[in-house]
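Colleague: structural data only, the sequence is not supplied:
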């Protein structure tokens, strides 16, 4: 199981104000921009499930008359993929063009195309035949310029970036309290969540 960390803020529910105690939840990650095109097979946080998908379990959840977009949508939902992953799914296969084997990629730009219908593959031997679902490899495609979330440590930099957002979320949750009433945030200040100077600033 890959580690995915979240920062959460909760409080005692106050039912008469319809406040359920849920204030803030955010993945501990930084927004990054891809500098180059890349492919991977990290579909879900669960390593065992990811391995199952890599081994071709997804073939069992495809339909003969299905568009590329329909297949991606159904796989994303079936395996409970994060939206950031599901929207970047791609199918790849190798087909011979003249004397070379060329990788063909179908992503959401090909969403309206049929996965199997009227599509052929040329094997290394030169044999041309209709493509089969097992010829495809499921990938996560990240194009140059794509913005994505990358997991990070809950360190001083992250805590410093989040504390204002947390404060606003707390004020919004306690909409029924006047602004002149102070609201206190109790933090665990666990080791590794920030340098002492940053922790002192956040605890003021």
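Modeller: Cool, got the structure. From a predicted model like this one, the values you see are computed outputs, not experimental measurements.

Colleague: am I right that residue 8 sits in a helix?
Modeller: No. Assessed by DSSP: H, G, I helix; E, B strand; the rest coil, residue 8 does not belong to a helix; its assignment is strand.

Colleague: check contacts around it.
Modeller: Residue 8 is in contact with 24, 25, counting by CB atoms under 8 Å, 6 or more residues apart in numbering. Just so you know, the C-beta spots here come from the backbone N, C-alpha and C atoms, and that holds for glycine as well.

Colleague: hey, what's it bridged with?
Modeller: residue 25 (DSSP bridges).

Colleague: gap between it and residue 15?
Modeller: 21 Å (CB to CB, to the nearest Å).

Colleague: if I read this right, residue 30 contacts residue 154, doesn't it?
Modeller: No. Residue 30 is not in contact with residue 154 according to CB atoms under 8 Å; the separation is 11.4 Å.

Colleague: what are the contacting residues of stretch 40-51?
Modeller: So stretch 40-51 is contacted by 1-2, 4, 53-54, 79-82, 85, 138-140, 142 (CB under 8 Å, 6+ apart).

Colleague: filter the residues you listed down to the ones in strands?
Modeller: When these are checked against strands (DSSP state E), the matches are 138, 139, 140, 142.

Colleague: from residue 12, how far off is the third one?
Modeller: It refers to residue 140. 41 Å.

Colleague: those two: which is more packed in?
Modeller: residue 140 (19 against 6; other CB atoms under 10 Å).

Colleague: quick one: contacts for the more buried one?
Modeller: 39, 40, 41, 42, 43, 85, 88, 89, 90.

Colleague: hmm, 7 Å instead?
Modeller: Residue 140 makes contact with 39, 40, 41, 42, 43, 85, 88, 89, according to CB atoms under 7 Å, 6 or more residues apart in numbering.

Colleague: how far away is the closest residue to residue 176 other than its chain neighbours from residue 40?
Modeller: Using CB to CB, 6 or more residues apart in numbering and skipping residues adjacent in sequence, the residue nearest residue 176 is residue 17, 4.7 Å away. Distance, residue 17 to residue 40, by CB to CB: 45 Å.
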